[in-house]
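> Quick one, fold the following:
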Amino acid sequence: MTATTAGAPPPARPRAKRRGVELSLLVCAVLISVFGYVSVGVAKQDAVPQDAGAYGAGLGMLALLAHIAVRLRAPYADPLLLPIAVLLNGLGLVLIYRLDLESTAEQSAPTQLVWSTLGVALFIAVVVFLRDHRVLQRYAYLSVATALVLMIVPIFYPAVNGAKIWIRIDGLSFQPGEFAKVLLAVFFAAYLAANRNALAYTGRKIWKLQLPAGRVLGPIVAIWLLSVVVLVLERDLGTSLLFFGLFVILLYVATGRTGWIAVGLLLAAVGAFAVGSLEPHVHSRVKDWLDPFATIDAGLGPGQLAQSLFAFAAGGLSGTGLGRGRSILIGFAAKSDFILATAGEELGLVGLVAILTLYALLVFCGYRAGLSLLDPFGQLLAVGLASILALQVFVIGGGVMGLIPLTGMAMPFLAQGGSSVITNWIIVALLIRVSDSARTPRPDTAETGVIAPAVPDTDDPRDRYGPRDGYASRDRHDPRSRLRERRGPRSPRDGAVAPTGEDDR
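Coordinates of the predicted model:
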């Protein structure tokens, strides 16, 4: 039997892939969604929906295909990302179906299911074909050029509900700004990763704020200003705030300068005040936020924000139950902007906290993957994508609860909207890829248990010709054995057996 090195650490345990955990969570996510679907049917029609089995089979098949793609191409990815996305998407379909039952307009749930299927297909494509997230860094300027084109085109189309953010072609409509936010996240991450040292350590210091050199910060500020101007022309305050928040967060992460947060908050406040005062569409939303019950006092009935607040109040702690609320009174945006109000009324505070916790876990997994990576681009990309989700939830949730003015964005995965659900699935796919890179064991932490060299090889002939006399075995890379060699023969303190006989005397 081969002797082991004295005092050597035990072999490293292989890192678990945890795909079995992911599959178990996916099963739970699908079952919860099917249970919600059945609950809505029983509440509204006193019978289990006839297509409940088809709904469960379809959602389960999508989840299984996505799981197989992750298992084969990203085996070390975070096991929470995919189940959370499936559960949120499933709950969104349930809430939209519930609102369809009280609406005489076009049924939205079947269309949303088609968009969800396309989103999962793109998720699988990204996971399968994008083997390394660092490839995206090569296409930084192509990404920003494409993003600007996507944001400019809707200006030439008619406004929908006061905002020019839609493109309608032959009855098909989509929102290009949803895709632009992912492309801008790629550009910001690539540019800041390449110039992070110049941004952090060069330039002029004013009071306690280190201002980077203009030639370094200028291009990214110009791109950001152009995107904000375009979005102001489109009257889309929500996406403007999202892009600005993304820019400030990534600038802070890249430089580590907390002063950028203060500057960002100040500029956001100034910009919001200016747009809220000058733009009529945004100004009306600010007025509704300041006094949501003004229309009631004027005898015109409650507006959308007031109905949303009534829905949250009616839900109480445990909710009225799926299918038993009256959030349809909110009006045309009940399935999109205000879908969180339906969740709050019918699931109550408990259900609402559970949904927000799912979003928090999704964002946390993205941040954790970014912190675990060594390459700056991957760090910034993961933080940027997770921040997009966090900012959307904050802006939309705060708007429908009356904490901030309503901005007209879609709640990730829950709200009706094909462009939104497709973009969110792409974001999750990129986070899957990044987390797989972060958790994949590196060669120097081999799963085989081989310990990496602790010190570089030397020209000592003792290293070439094996252990000295008196040692049964020695790991040539163990620094403790080299130290013992320099000290000479071992003493009893070193763990050697003391000699016996006449030599003792």
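
> Where do the helices of the stretch 101-250 of the chain begin and end?
Applying DSSP state H, counting those that start in this stretch to the stretch 101-250 of the chain gives helices spanning 109-129, 140-152, 176-201, 214-233, 237-255.

> closest to Ala74 out of those helices?
Closest to Ala74 of the helices of the stretch 101-250 of the chain is helix 109-129 (Cβ to Cβ; 5.7 Å). In this view, the C-beta of every residue, glycine as well, is placed from N, C-alpha and C.

> What helices and strands are in contact with that closest one?
The contact analysis (3 or more Cβ pairs under 8 Å, 6 or more residues apart in numbering; DSSP states H and E) places helix 109-129 against helix 52-73, helix 81-100, helix 418-439.

> Asp297: how many residues sit nearby?
If you count neighbours by other Cβ atoms under 10 Å, Asp297 ends up with 8.

> quick one: contacts for it?
Not one residue lies near Asp297 by Cβ atoms under 8 Å, 6 or more residues apart in numbering.

> which one of the helices and strands packed on helix 109-129 lies closest to Ala360?
Of these, the one closest to Ala360 (Cβ to Cβ) turns out to be helix 81-100, at 9.9 Å.

> re earlier: nearest to Tyr252, of the helices and strands packed on helix 109-129?
Taking Cβ to Cβ, helix 418-439 is the member of those nearest to Tyr252, at 19.2 Å.

> how big is the angle separating the closest one from helix 81-100?
For helix 418-439 against helix 81-100, the angle by axes from the mean of the first three to the mean of the last three Cα atoms, to 10 degrees is 160 degrees.

> helices and strands around helix 418-439, which ones?
Counting contacts by 3+ Cβ pairs under 8 Å, 6+ apart, helix 418-439 is packed against helix 81-100, helix 109-129, helix 176-201, helix 339-372, helix 376-400.

> which stretch in the ones you listed is the model least sure about?
When the helices and strands packed on helix 418-439 are ranked by mean pLDDT, helix 176-201 comes last with a mean of 85.

> buried stuff in it?
176-196, 199 (16 or more other Cβ atoms under 10 Å).

> gap between that helix and the chain center?
16 Å (Cα atoms, centre = their mean, to the nearest Å).

> Give me the angle between that helix and helix 376-400.
Orientation check (the same axes, to 10 degrees): helix 176-201 against helix 376-400 gives 120 degrees.

> what's helix 176-201 packed up against?
Against helix 176-201 (3+ Cβ pairs under 8 Å, 6+ apart) you get helix 140-152, helix 214-233, helix 237-255, helix 376-400, helix 418-439.

> Format the helices and strands packed on helix 418-439 as TSV; extra columns: distance to Asp236.
Shown next, in TSV, are these (distance: least, Cβ to Cβ, whole Å):
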stretch	distance to Asp236
helix 81-100	22
helix 109-129	20
helix 176-201	7
helix 339-372	19
helix 376-400	12
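
> With adjacent residues omitted, what lies nearest to Tyr367?
Among residues not flanking Tyr367 along the chain, Ala386 sits closest, at 5.3 Å (Cβ to Cβ, 6 or more residues apart in numbering).

> How about Ala438?
Closest to Ala438 by Cβ to Cβ, 6+ apart is Ser372, at 3.7 Å.

> Next: Leu329.
Gln307 (5.2 Å).

> part of a strand, is that neighbour?
No - assigned with DSSP: H, G, I helix; E, B strand; the rest coil, Gln307 falls outside any strand and is helix.

> Count the residues that sit near it.
Gln307 has 20 nearby residues by other Cβ under 10 Å.

> mean pLDDT for the helices and strands packed on helix 176-201: which is lowest?
Among the helices and strands packed on helix 176-201, helix 214-233 scores lowest, with a mean of 69.

> ok, the residue nearest in space to the middle of the chain to Leu371 distance?
Computing the C-alpha centroid of the chain and ranking residues by Cα atoms, centre = their mean puts Ala386 first, at 2.9 Å. Distance from Ala386 to Leu371, counting by Cβ to Cβ, to the nearest Å: 11 Å.
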